[in-house]
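# Build me a structure from this.
(chains A and B)
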Amino acid sequence: MKNNSKRKRSAGKIAGTVLKHAFLIIMSIISIYPVLWVVTLAFSPGESLVTPHFILGFIPIPATPTLEHFISIPQLHLLAGATFPVWAKNSIIITVSSVALSVALTLPAGYAFSRRRFRGQQASMFSFLLPSMFPGVITIIPQFLLFSDLGLVNTYLGCIIPYSVGSLSLSVFIMKGAFDSIPRDLDEAASIDGAGEMRTFYRILLPLTLPSIATVALWAFMGSWLDWALANVMLKDNTLWTLPLALYDFIQPNYTYYGSFAALSLIMAIPVFIVFLVFQKYLVTGLTAGSVKG
Amino acid sequence: MVLYPFAYNIYVSFTNMSVYHIRNPAWVGLANYVFVVTSPDFLTVLWNSVVWTLANVIPTVLIGLVLAFVLNSKVRGKTIYRLFMIVPWAMPSFITLLVWQSMYSTQYGVINALLGQVGIAPINWLNDCNWAFVAIVVANIWLGYPFMMIIFSGALQSIPNELYEAAAIDGAVGFRQMRYISIPLIKPTIMVAVLLGSIWTFNNFNAAYLITGGGPGLCTTILITQAYKEAFNGTFAFAQAATYACLAFVILFVPGILWNRRTGLTRRAS
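Sure, this is the predicted structure:
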């Protein structure tokens, strides 16, 4: 009898595992399928759309694989002027600064909203949501006029400031939630042990909220690394261009350079995966494990 | 910095600013609002926006939640699955949306080819009013669920293991842990995700603009694509674009406030 129920449970477990994997595999295929086309284009010769071979009747692979687009990337340029290394450098400078600034602004804000009580708290919290209720593409015009008055058009700062502020509306909420989820008992225990507020913040709250900080950084990273619309307005000079601007330049009204376009877009996605893999550790370890006893 | 563009937009919506009056706009009062609201397309576009938002947010949140739960349970190959799942998010959306557009092609598109293999007649995806709407919603859900998955995974990860252990001692396992521990604890995150997801979707013009261009007719035109067309296509009617933006804002603001009241999003944790 006992044995039987145990066997039943393990059969259920196996069925559950199989179901899980089936679901995950189907979702994985759906997730990567359109990108397989980009990969196929990137590894096919020439700049036009190609007819690939198919595996299983629907998974595309290049008919005559080649690395020509990847080899030519360092020299890529359409109009005279900048090339790939310059664009990559611009993208990296702008993105790293935006992420740093964004995290630096988010942490104290999230902390204050979670741990302090002050006048106008709800209103100011809500005001972080206001800008995202406004269609982003439309606010580009006033931002451009303001920045041209400040002389920030055609500078890195012209992008860094809007990017780091732009990700705040979500980030502040994430951090507030993260700080909220840490029991106040910990703060109190730390203060009984003689730790001041700053010390409690750095030594206890920050390590415990690392997963959320990672999410915030990831979010800021994506916002600036992949943005095209704002950069297109702010960075006129093509020696200041970021990678998305360069990429978009391969779609010309009368001709699209599909091969180079696909290859460059894959190169652009690589840092995203690297960043994600690095942050994965923080997203997964669950650093709160073992912090609250009893 | 956060509020300036916003205030400026409200001001612009009361002027006649266009490419001809970019530095010397004149005050025109409510004329833009009257023009926009009484235009015959307005109700259609508004309705499209509402349907668009609901049709996107509900599935993305649900798919994101299920993925987060499955990937947070004991299952092999999490890292590689996660990596696959974030692909839609990791590529610039204007690239993947162009791919979606070609996949929807009636004659050469791979979607119709696949449907053909199981005996379904080709669908005229981008030229049929309803199917075009389905097409952009599906593409946009594809763009949206990885983000929800990441947000929910983060929230699930920050739940202390002790809570699950305590629950297991009390005899709660599997779905009961999910029902009584995970869901209540990540509820604040879900609420934020729903609110922000709705706002973004309502104001997201990429899919509607890049795949169908709002067509056929007005079938896939939402408020934001309409605003963008006014601002950057041909007429450069910035004032009217700003008016659409302000209307979009008002439409989002009221439910936003209500949602906030109901869920206590901005309230201090007790």
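# and A:Val86, what element?
Per DSSP states H and E, A:Val86 falls inside helix A:84-115.
# quick one: average pLDDT of that helix?
Average pLDDT, helix A:84-115: 90.
# Show me which helix runs longest in the chain.
Went with chain A since none was named. Scanning chain A for the helix with the most residues, using DSSP state H, yields helix A:2-42.
# was after chain B, sorry
Counting residues, the longest helix found in chain B (DSSP H) is helix B:42-72.
# got the buried residues for whatever helix or strand B:Asn130 lives in?
Per DSSP H and E, B:Asn130 falls inside helix B:129-157. Residues of helix B:129-157 classed as buried by neighbour count (16 or more other C-beta atoms under 10 Å in any protein chain shown): B:132-133, B:135-157. Heads up, the C-betas are built off the backbone N, CA and C, glycines and all.
# among those residues, which are in reach of chain A?
By C-beta under 8 Å from any C-beta of the partner chain, the members of the buried residues of helix B:129-157 lying near chain A are B:Trp142, B:Pro146, B:Ile150, B:Ile151, B:Ser153, B:Gly154, B:Ala155, B:Gln157.
# Now tabulate the residues you listed in a markdown table and tack on pLDDT.
Putting these into a markdown table (pLDDT from 0 to 100) gives the following:
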| residue | pLDDT |
| --- | --- |
| B:Trp142 | 93 |
| B:Pro146 | 89 |
| B:Ile150 | 82 |
| B:Ile151 | 81 |
| B:Ser153 | 83 |
| B:Gly154 | 77 |
| B:Ala155 | 79 |
| B:Gln157 | 77 |
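# between these, which is nearest A:Ile73?
Nearest to A:Ile73 among these, counting by C-beta to C-beta, is B:Pro146 at 26.3 Å.
# For the nearest residue to that closest one once chain neighbours are set aside, give me its contacts.
Spatial nearest neighbour of B:Pro146, chain neighbours left out: B:Trp89 (3.8 Å); criterion: C-beta to C-beta, 6 or more residues apart in numbering or on different chains. Counting by C-beta atoms under 8 Å, 6 or more residues apart in numbering or on different chains, B:Trp89 touches A:Met222, B:Leu143, B:Pro146, B:Phe147, B:Ile150.
# how about low-confidence regions in the stretch 151-270 of chain B?
When residues are selected by pLDDT under 70, those of the stretch 151-270 of chain B lie in B:231-237, B:263-270.
# who touches residue 27 in this structure?
Answering for chain A, as no chain was given. B:Ile63, B:Leu67, B:Tyr81, B:Phe84, B:Met85.
# Chain B is the one I meant
B:Trp27 touches B:Phe14, B:Thr15, counting by C-beta under 8 Å, 6+ apart.
# Ramachandran angles for it?
Taking degrees, to the nearest 10, you get phi -70, psi 130 for the backbone angles of B:Trp27.
# ok, now which ones touch the closest residue to A:Ile94 other than its chain neighbours?
Distances taken as C-beta to C-beta, 6+ apart place A:Cys159 nearest to A:Ile94, at 5.1 Å, with adjacent residues excluded. By C-beta under 8 Å, 6+ apart, the contact list for A:Cys159 reads A:Ile94, A:Ser98, A:Ser224, A:Asp227, A:Leu230, A:Ala231, A:Met234, A:Leu235, A:Thr242.
# hmm, which two among these are most spread apart?
A:Ser98 and A:Leu235 (13.8 Å).
# Mind checking which of these two has more residues around it?
Applying other C-beta atoms under 10 Å in any protein chain shown to A:Ser98 and A:Leu235 shows that A:Ser98 carries more neighbours, namely 26 against 21.
# Nearest the geometric middle of chain B, what residue?
B:Thr201 (2.1 Å; C-alpha atoms, centre = their mean).
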